[in-house]
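Visitor: below are the sequence and a predicted model; questions follow.
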Amino acid sequence: MREPVELRRQRILSVVRSRGAVKVSVLAAELDVSVVTIRRDVEELARVGRLRRGHGVARPVVDAAEPVPLPAARAGEPAADGGAVALVVPERHSYLYETLHGARTVLEESGMRIALHIAPQSAGAERPLVERALADGARGLLIAPRWRNARSEELDYGWLAEVGVPTVLMERRPRPGSALHALDSVCSDHWYGTYLAVDHLVSLGHRRIVLAARDDSPTARTIRAAFARIAADRPEVEDWSVVLSSPGAVPGPGPEEPGADTSGTHLSGPGEDGAAVDLAALLRERGATAAVLHGDVDALMLVQRLAESGVHVPRDCSVVAYDDVVAALGSTPLTAVAPPKAEIGRAAAELLLYRLTGPANATGPVRRTELLPTLKVRGSAQGVTSRED
């Protein structure tokens, strides 16, 4: 499913506002979109006054030629070279772009300059970006590493623990006892979000539930492990199973996520040939009446495939999506668990600012903050007893 136009334009605005004038060709390369598409987006954003357009260049409405004043350095502190906060997020990750925008709002309001770095999908892509930002004089770091598998996460522990500037992880919770355990972090409580989804379906009378989830990020692995534990512990749930939500939603080579106890999980998924997930067949096989689907794009595509197989939502199967980025935009708006994405970014930025500008550099105890998701009830789940025979 293509990235929503407004989300892509928000990404363009974020880059332009943080850097000043940016070539259209550079935007196209970084956002992995054609030059023609970016040019049209820039023309439309200029038309409505959200940026200024030059010959092959996009500029912010407020001229960024002069640096934004930064908080004055205290006595004894070295002057910050450039003094920007480096913000590192994965490319093509709509969920984390909402987190990015939340952080940007706080930083801009504080007068702090932002240096945005988009990490490509290749392994270890964040490290050279962070090293470059530090070489350019970054005074703080907000980062959401991709961490497609446990091994890639562990490989980042050593260098990320030694960056030498205040750092806050966004939507990431390092393994307990690891080198990053004592690093500031702000993330969603995905166990609670998973609980909200299961509890909602159970309250509607569903007793046989499938989770179709990704397995290529810390969030995905947390949701899979949480669902297994919650479903196994709920006496009302007679049967549960887990399937990959997309053939490409796998973590790649690497060990399993430490601590993700999925004993008792009924695992199903695409074959080694990369065939599409046959969720309709699994629902029939297990007699399931409801599904939790992660993430939104996969959820919308799975709902489409269910309809093609004669399974209609919510008449034949109730659905709760997880992420709530585009869940409301489907032909059937999906009830969804909504992690507080923008609030995560805001809280992470506020914590970083506290470390940078608080009393005596605010070197107090490490903070590991969790914010609770909410459930947005729409029309994709209904009670079992209310269904047509």
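Guide: Looks like it came in fine. Residues are numbered from 1 along each chain as shown.
Visitor: every contact and neighbour count from this point should use C-alpha atoms.
Guide: Will do.
Visitor: burial measure for residue 377, as a count.
Guide: Counted by other Cα atoms under 10 Å, the residues lying close to residue 377 total 15.
Visitor: distance check, it against residue 55.
Guide: Shown here: residue 377 relative to residue 55, a distance of 46 Å by Cα to Cα, to the nearest Å.
Visitor: cool, and residue 381?
Guide: Taken as Cα to Cα, the span from residue 381 to residue 55 is 50 Å.
Visitor: who's more crowded, the two?
Guide: Shown here are residue 381 and residue 55; by other Cα under 10 Å, residue 381 has more neighbours (25 against 7).
Visitor: excluding its backbone neighbours, what's nearest the more buried one?
Guide: residue 318 (4.1 Å; Cα to Cα, 6 or more residues apart in numbering).
Visitor: ok, the one you found touching residue 293?
Guide: No: Residue 318 is beyond contact range of residue 293, at 10.6 Å (criterion: Cα atoms under 8 Å).
Visitor: out of those two, which sits in the more crowded spot?
Guide: Set residue 318 next to residue 293 and count neighbours by other Cα under 10 Å: residue 293 wins out with 29 against 25.
Visitor: what helix or strand is residue 174 located in?
Guide: Assigned by DSSP states H and E, residue 174 belongs to no helix or strand.
Visitor: got it, and residue 104?
Guide: helix 94-109.
Visitor: pull out the buried positions in that helix.
Guide: 94-104, 106-107 (16 or more other Cα atoms under 10 Å).
Visitor: same deal with stretch 39-49?
Guide: Buried, per 16+ other Cα under 10 Å, within stretch 39-49: 39, 41, 42, 43, 45, 46.
Visitor: and what of stretch 159-176?
Guide: Across stretch 159-176, burial judged by 16+ other Cα under 10 Å covers 160, 161, 166, 167, 168, 169, 170, 171, 172, 173, 174, 175.
Visitor: pick the one among those closest to residue 354.
Guide: Nearest to residue 354 among the buried residues of stretch 159-176, counting by Cα to Cα, is residue 166 at 9.7 Å.
Visitor: now, among the buried residues of helix 94-109, which is nearest to residue 202?
Guide: Using Cα to Cα, those come closest to residue 202 at residue 95, 27.0 Å.
Visitor: where's the closest one relative to residue 39, distance?
Guide: For residue 95 relative to residue 39 (Cα to Cα), the value is 24 Å.
Visitor: SS state for the residue nearest to residue 34 when sequence neighbours are not counted?
Guide: Nearest non-adjacent residue to residue 34, counting by Cα to Cα, 6+ apart: residue 28, 5.6 Å away. Three-state call for residue 28 (DSSP: H, G, I helix; E, B strand; the rest coil): helix.
Visitor: pretty sure residue 28 contacts residue 40?
Guide: No: with contact defined as Cα under 8 Å, residue 28 does not count as touching residue 40 (11.3 Å).
Visitor: if we can go back for a sec, ramachandran angles for the residue nearest to residue 381?
Guide: phi -80, psi 140 (degrees, to the nearest 10).
Visitor: ok, what's across the strand from it?
Guide: residue 290 (DSSP bridges).
Visitor: for it, what are its contacts?
Guide: Taking Cα atoms under 8 Å, 6 or more residues apart in numbering, we find residue 318 in contact with 201, 289, 290, 291, 380, 381, 382.
Visitor: look up how far residue 368 lies from it.
Guide: Taking Cα to Cα, one finds residue 318 at 35 Å from residue 368.
Visitor: likewise for residue 51?
Guide: The spacing between residue 51 and residue 368, counted by Cα to Cα, is 37 Å.
Visitor: neighbour count for the two, which is higher?
Guide: Remark: of residue 51 and residue 368, residue 51 carries more neighbours, 21 against 15, as counted by other Cα under 10 Å.
Visitor: pLDDT at that one, what is it?
Guide: Confidence at residue 51, expressed as pLDDT, is 86.
Visitor: surely it and residue 60 touch.
Guide: Yes: using Cα under 8 Å, residue 51 makes contact with residue 60 at a distance of 4.8 Å.
Visitor: overlap in contacts, the two.
Guide: Residues touching both residue 51 and residue 60 by Cα under 8 Å, 6+ apart: residue 13.
Visitor: let me see the ranges of the helices in the stretch 201-350 of the chain.
Guide: 218-233, 279-286, 296-308, 341-357 (DSSP state H, counting those that start in this stretch).
Visitor: okay if I get those helices as JSON lines plus mean neighbour count, distance to residue 133 and mean pLDDT?
Guide: Below are the helices of the stretch 201-350 of the chain laid out as JSON lines (neighbours: other Cα atoms under 10 Å; distance: least, Cα to Cα, whole Å; pLDDT from 0 to 100):
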{"stretch": "helix 218-233", "mean neighbour count": "21", "distance to residue 133": "25", "mean pLDDT": "95"}
{"stretch": "helix 279-286", "mean neighbour count": "16", "distance to residue 133": "44", "mean pLDDT": "92"}
{"stretch": "helix 296-308", "mean neighbour count": "20", "distance to residue 133": "32", "mean pLDDT": "91"}
{"stretch": "helix 341-357", "mean neighbour count": "22", "distance to residue 133": "16", "mean pLDDT": "93"}
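Visitor: could I get those as TSV with distance to residue 250?
Guide: Putting these into TSV (distance: least, Cα to Cα, whole Å) gives the following:
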stretch	distance to residue 250
helix 218-233	10
helix 279-286	17
helix 296-308	13
helix 341-357	23
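Visitor: out of the ones you listed, which gets nearest to residue 117?
Guide: helix 341-357 (15.2 Å).
Visitor: moving C-terminal of that closest one, what's the next helix or strand?
Guide: By DSSP H and E, the next helix or strand past helix 341-357 is strand 368-371.
Visitor: pLDDT (mean, whole number) over the very next helix or strand once past that next one?
Guide: Counting by DSSP H and E, the next helix or strand C-terminal to strand 368-371 is strand 374-376. Computed over strand 374-376, the mean pLDDT rounds to 97.
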